[in-house]
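Student: fold the following.
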Amino acid sequence: MIQISDAAADKITGMLKDIGAEPYFLRLGVSDGGCSGLSYSILFDDSRQEDDRVIEWKGFEVVIGNASEEYFEGVHIDYMETGMTGGFTIDNPNAKFTCGCGASFRTAAYRGKAKKCD
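Tutor: Here you go, the predicted structure:
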């Protein structure tokens, strides 16, 4: 399903530790919006839904809602530090078009509902 690099996993584990890991997990989602039509949602959450898919990953859980699951098939999440900044990157083989900010995309099968980026 998804792959998370060691660098990203280490960063996520550290962030979870900072907020008091229990009962938090990493929630991944996709919703309409962004300049290309679909936007990623990556956040720490402590509330599960009945249709969530739970993936155990090197010391933490990744949860993906049923409606977003298809968009994460084959996704690779990494964390990179460049100079004085750093951030997560998402390599999504399902994305056929992306925007310049890298947070918005669309697939061949679904364009989403584009909205102006903030």
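
Student: from the centre of this protein, point out the most distant residue.
Tutor: residue 83 (23.2 Å; C-alpha atoms, centre = their mean).

Student: for residue 88, give me phi and psi.
Tutor: Here is the backbone geometry of residue 88 (degrees, to the nearest 10): phi -80, psi 140.

Student: how about the closest residue to it other than its chain neighbours, what does it touch?
Tutor: Nearest in space to residue 88, with sequence neighbours left out and distances taken as C-beta to C-beta, 6 or more residues apart in numbering, is residue 79 at 5.4 Å. All C-beta atoms are positioned from the backbone trio N, CA, C, and that covers glycine. By C-beta atoms under 8 Å, 6 or more residues apart in numbering, residue 79 lies in contact with 5, 7, 8, 10, 11, 12, 86, 87, 88, 89.

Student: got the phi and psi for the residue farthest from the centre of the chain?
Tutor: phi 60, psi -120.

Student: quick one, helices of this protein?
Tutor: Assigned by DSSP state H, the chain shows helices spanning 6-19.

Student: which of the contacts of residue 79 are buried? Put it as a PyMOL command.
Tutor: Buried members of the contacts of residue 79, defined by 16 or more other C-beta atoms under 10 Å, are picked up in PyMOL with:
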select buried, resi 5+8+11+12+88
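
Student: tell me the one among the contacts of residue 79 nearest to residue 57.
Tutor: residue 12 (8.3 Å; C-beta to C-beta).
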